[in-house]
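*Asks:* Sequence and predicted model, in that order:
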Amino acid sequence: QPEHIFFIGCCSNLKVIMLLLLPLLPPPWVLVGSGADRSAGPNLELLLKEATEAYRAGDYSRALALCQAVSAALPNRADVLLLMGAICYQLKDFQQCIAYNDRCILIDPNLAEAHANLANALQQLGNIDMAIVYYQSALRLKPFFTDAYNNMASALVAKGLIPEAMDCYMQALRVNPRLVDVHNNLGDLWRAQGVLGRA
């Protein structure tokens with residue numbers, strides 16, 4: 001049972017990274033390494049905890065340095081790679097974000113958050129087609145992943161695929177009807193289509 005995981009949750013402007021504990025639902029989480037990797041020892045686990053706290057506090061350079069120290073000792077910890085990718089996204093180093101999430105997927109192919117984070121970075125770099133592919137893979141792994149639906153919708157809007165984007169927003173709202181950002185994004189699309197009553 002992981003304690004928390006990091007996920008880059010994007011709004012329609014793809015600039016927001018959020019963090020939350022696993023019992024909640026929307027974006028970010030950590031500590032999903034395999035049992036074999038769990039022999040990190042108290043010092044490395046403490047470094048990882050400090051890195052998580054630095055990330056939450058917005059001290060991304062320190063968080064990255066701490067993660068790099070852990071990763072040097074435990075290069076196959078998927079949770080550390082996921083956090084490093086989230087930090088690099090926040091630092092706008094999208095290529096490195098992609099690299100860390102790519103490695104994370106190699107280690108844990110079923111980690112939907114890594115697929116979605118990679119998609120977010122690809123979208124920032126303008127590679128919309130590949131971003132959509134990774135959002136789809138995240139949703140295959142985690143069908144009720146509302147943030148992936150929301151973010152894939154913004155990629156579909158960028159491609160001019162408005163009906164498909166609306167469907168993504170509505171899928172997210174079927175999972176959780178109280179998602180304010182999704183309601184706003186869907187309403188913006190209805191207004192853009194001139195359907196004011198639905199907005």
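*Replies:* Here it is on my side, so go on. If you're wondering where the values come from, they're calculated on a predicted model, not measured in any experiment.

*Asks:* make it CA atoms for all contacts and neighbour counts henceforth
*Replies:* Noted.

*Asks:* Show the subsequent helix or strand relative to the one helix or strand residue 154 maps to.
*Replies:* In the assignment (DSSP states H and E), residue 154 maps to helix 146-158. Tracing the chain past helix 146-158, the next element assigned as helix or strand by DSSP H and E is helix 162-175.

*Asks:* just checking, next helix/strand downstream of that next one?
*Replies:* Sequence order places helix 180-192 as the next helix or strand after helix 162-175, per DSSP H and E.

*Asks:* If we go by neighbour counts, what in that next one is buried?
*Replies:* Along helix 180-192, these residues count as buried under the neighbour rule (16 or more other Cα atoms under 10 Å): 182-183, 185-190.

*Asks:* nearest to residue 166, of the residues you listed?
*Replies:* Lowest distance from residue 166 to these (Cα to Cα) belongs to residue 186, with 6.3 Å.

*Asks:* pretty sure that closest one contacts residue 168?
*Replies:* No - look at residue 186 against residue 168 with Cα atoms under 8 Å: they stay out of range, at 9.3 Å.

*Asks:* What segments of this protein are helices?
*Replies:* With helices called from DSSP state H, the chain shows them at 41-57, 60-73, 78-90, 94-107, 112-124, 128-141, 146-158, 162-175, 180-192.

*Asks:* can you put these in TSV and add mean pLDDT?
*Replies:* Output for the helices of the chain, formatted as TSV (pLDDT from 0 to 100):
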stretch	mean pLDDT
helix 41-57	89
helix 60-73	95
helix 78-90	96
helix 94-107	97
helix 112-124	96
helix 128-141	97
helix 146-158	94
helix 162-175	94
helix 180-192	87
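
*Asks:* List the contacts of the closest residue to residue 94 other than its chain neighbours.
*Replies:* Closest residue to residue 94 apart from its sequence neighbours, by Cα to Cα, 6 or more residues apart in numbering: residue 121 at 5.3 Å. If you count contacts by Cα atoms under 8 Å, 6 or more residues apart in numbering, residue 121 has them with 89, 94-95, 97-98, 131.

*Asks:* again, but for residue 136
*Replies:* Applying Cα under 8 Å, 6+ apart to residue 136 gives the contacts residue 152.

*Asks:* Report the separation between it and residue 111.
*Replies:* Applying Cα to Cα, to the nearest Å, the value for residue 136 to residue 111 is 13 Å.

*Asks:* And for residue 188?
*Replies:* 31 Å.
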